[in-house]
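[1] Okay, predicted coordinates and the sequence, questions at the end:
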Amino acid sequence: MTTRLLATIAIVSLGGLFAGCGSSGSSSSSTATTQAFSTPIPPDSIFAQVHMGEERDEVFAAIGQPTSISAYVTGKAFIPFHYSGSDDHRLVAHYKGVGVIYLGNDSAYTSGYSVVDMTYDPNEPGY
């Protein structure tokens, strides 16, 4: 009876451990294109021309170069088996008097960045 109980506990524990391991790789890209930005953007702002998932070069060509750019590493960079490498680090494009655009890397094997979020803030200092 004790062996059977221990075996049952082990199976239930392993089932719970592996329950969250499966993921669909396409879900993150499909939600990125339909997701709304964190702050409402007025239609007369230059940020109204930028869309979720748009490439960095397209954004800079449409609305101009940012006042400054900073970068940071996301928590995904520390996941041991995160092989896709997407969104490991982000660029932050600051536009003085307009707001901030967050660009996530597309893959560990390319140099592409695309828009993952924007924050409209007329009081943005630009750095």
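    All right, it came through fine.
[2] Roughly how far does residue 106 sit from residue 63?
    Remark: distance between residue 106 and residue 63 (C-beta to C-beta, to the nearest Å) = 20 Å. The C-beta positions use only the backbone N, C-alpha and C, and glycine is treated the same way.
[3] what does residue 113 give?
    Residue 113 sits 15 Å away from residue 63 when distances are taken as C-beta to C-beta.
[4] Have a look at the two and say which one is more surrounded.
    Remark: of residue 113 and residue 63, residue 113 carries more neighbours, 22 against 18, as counted by other C-beta atoms under 10 Å.
[5] need the next SSE after the worst-scoring helix or strand of the chain on mean pLDDT, C-terminal direction.
    Taking mean pLDDT, DSSP states H and E as the measure, the helices and strands of the chain show their lowest mean at helix 26-34, namely a mean of 40. For helix 26-34, the succeeding helix or strand toward the C-terminus, using DSSP states H and E, is helix 56-63.
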